[in-house]
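Undergrad: Okay, predicted coordinates and the sequence, questions at the end:
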Amino acid sequence: MIKKTLISALALVACIIGIQAQTQVIAHRGFWKTEGSAQNSIAALEKAAEERLYGSEFDVQVTLDGKLIVNHDAKFQGFVIAETPFKELKKIKLKNGEKLPTLKKYLKAGKKQDIQLILEIKSHKSKEVEDKMAADIVKMVKKMGLQKQVEYIAFSLNICEQLAKLTPESEIAYLNGNLSPAELKKKGINGIDYNQKVLEKHPEWVEEAHRLGMKVNVWTVNKEDMMRKFIDMKVDYITTDYPLETQKLL
């Protein structure tokens with residue numbers, strides 16, 4: 001009886017480990033390839049949550065007067081965001097009719113959803129601006145009680161290093177692809193989020209990261225054969241514009 005109980009317990013543990021190790025899906029700029037949605041819109045976030053995805057990725061820029069807004073490109077509808085005050089941007093509408101969302105509005109919407117918020121802080125030519133962006137964003141996230149729901153990514157090594165100081169308990173992943181997991185670990189950065197071409201060139205980095213207790217994300221994977229390849233490599237997350245197709249493979 002004791003032996004059977006022990007075997008059952010071990011089987012349960014193995015099952016739990018297997019579930020935790022399964023690759024999960026992150027919607028790139030939200031689930032926007034569907035009716036009524038648009039990239040980096042609140043609708044895209046809500047639709048990603050409806051599909052029970054692990055996470056919804058979005059991008060944060062800063063305006064000339066320091067307002068944090070959600071948008072991918074540095075230039076939007078003729079305006080250079082970093083050189084434009086918010087009052088000139090706040091009336092701009094996305095393709096689905098939504099107004100360009102502020103980070104605060106986006107996070108308020110995200111707090112109502114059961115989904116991880118994968119927050120990319122966009123690079124800036126000024127280190128001082130990057131430092132302030134990181135500090136202001138972390139402050140807002142903590143004030144809203146979203147520390148466990150928000151995960152951070154950035155191409156800027158400086159931003160990642162600032163985040164490691166400001167919120168070391170958070171998931172922080174570097175996007176640029178030029179450093180090994182071991183090099184990042186020394187800087188307090190606990191994840192890699194690399195382009196698929198980088199991980200194709202350095203498949204050993206997946207195992208190295210896991211050995212160091214780091215998470216591995218790969219972007220932006222839109223072809224089925226590549227999705228299967230990275231699932232077989234046991235990456236933790238796949239970021240994709242086709243989250244439902246990826247989910248089916250899992």
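TA: Perfect, I can see it now.
Undergrad: List the buried residues of the host helix or strand of residue 105.
TA: Residue 105 is part of helix 103-111, with elements assigned from DSSP states H and E. Using 16 or more other Cβ atoms under 10 Å as the test for burial, helix 103-111 gives 103, 106-107, 109-110. All C-beta spots, glycine's among them, are computed from the backbone N, C-alpha and C.
Undergrad: Average pLDDT for it, rounded please.
TA: In this model, helix 103-111 carries a mean pLDDT of 98.
Undergrad: for the protein, what spans make up the strands?
TA: 24-27, 55-62, 68-70, 75-76, 79-80, 116-121, 150-154, 172-174, 191-195, 215-219, 237-240 (DSSP state E).
Undergrad: now the last one: how far from the chain's centre is it?
TA: Average the C-alpha atoms of strand 237-240, do the same for its chain, and the two points are 9 Å apart (Cα atoms, centre = their mean, to the nearest Å).
Undergrad: Contacts for that strand next, please.
TA: 23-28, 54-55, 57, 118, 193, 215-222, 227, 230-231, 246 (Cβ atoms under 8 Å, 6 or more residues apart in numbering).
Undergrad: Now do the same contact list for residue 221.
TA: Here residue 221 is in contact with 196, 227, 230, 238-240, 246 (Cβ under 8 Å, 6+ apart).
Undergrad: between those residues, which is nearest residue 63?
TA: Checking the contacts of residue 221 against residue 63 by Cβ to Cβ gives residue 239 as the nearest, at 26.0 Å.
Undergrad: what's the closest non-adjacent residue to the closest one?
TA: Excluding the flanking residues, the one nearest residue 239 by Cβ to Cβ, 6 or more residues apart in numbering is residue 219, at 3.9 Å.
Undergrad: go on, residue 194?
TA: residue 177 (4.5 Å).
Undergrad: Next: residue 57.
TA: Closest to residue 57 by Cβ to Cβ, 6+ apart is residue 118, at 4.0 Å.
Undergrad: OK, contacts around the residue most central in space within the chain?
TA: Centroid-nearest residue in the chain, with Cα atoms, centre = their mean: residue 118, separated by 2.8 Å. Residue 118 makes contacts with 26, 55-58, 151, 153, 239, as judged by Cβ under 8 Å, 6+ apart.
Undergrad: Apply the buried test to the contacts of strand 237-240 and list what passes.
TA: 23-28, 54-55, 57, 118, 193, 215-219, 221-222, 227, 230-231, 246.
Undergrad: Mind pulling up the pLDDT for residue 91?
TA: 87.
Undergrad: Kindly provide the distance from it to residue 100.
TA: 8 Å (Cβ to Cβ, to the nearest Å).
Undergrad: neighbour-wise, which of the two wins?
TA: When residue 91 and residue 100 are compared for neighbours, residue 100 comes out ahead with 22 against 8, by other Cβ atoms under 10 Å.
Undergrad: Go through the helices and strands of the chain and name the one with the lowest mean pLDDT.
TA: helix 2-21 (a mean of 46; mean pLDDT, DSSP states H and E).
Undergrad: how about stretch 32-43: buried residues?
TA: 32-33, 37-43.
Undergrad: Mind exporting the C-alpha coordinates of that stretch to PDB?
TA: Backbone C-alpha positions of stretch 32-43 (Å, rounded to 0.1, in the frame of the first residue of the first chain) are rendered in PDB as follows:
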ATOM      1  CA  TRP A  32      -4.500  41.400 -33.100                       C
ATOM      2  CA  LYS A  33      -5.100  39.200 -36.100                       C
ATOM      3  CA  THR A  34      -8.800  39.000 -35.400                       C
ATOM      4  CA  GLU A  35     -11.900  41.100 -36.000                       C
ATOM      5  CA  GLY A  36     -12.200  44.300 -33.900                       C
ATOM      6  CA  SER A  37      -8.600  44.200 -32.800                       C
ATOM      7  CA  ALA A  38      -5.400  46.100 -33.600                       C
ATOM      8  CA  GLN A  39      -1.700  45.800 -32.600                       C
ATOM      9  CA  ASN A  40      -1.000  47.000 -29.100                       C
ATOM     10  CA  SER A  41      -4.700  47.800 -28.500                       C
ATOM     11  CA  ILE A  42      -6.600  47.100 -25.300                       C
ATOM     12  CA  ALA A  43      -8.900  44.900 -27.400                       C
END
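Undergrad: Lovely, talk soon.
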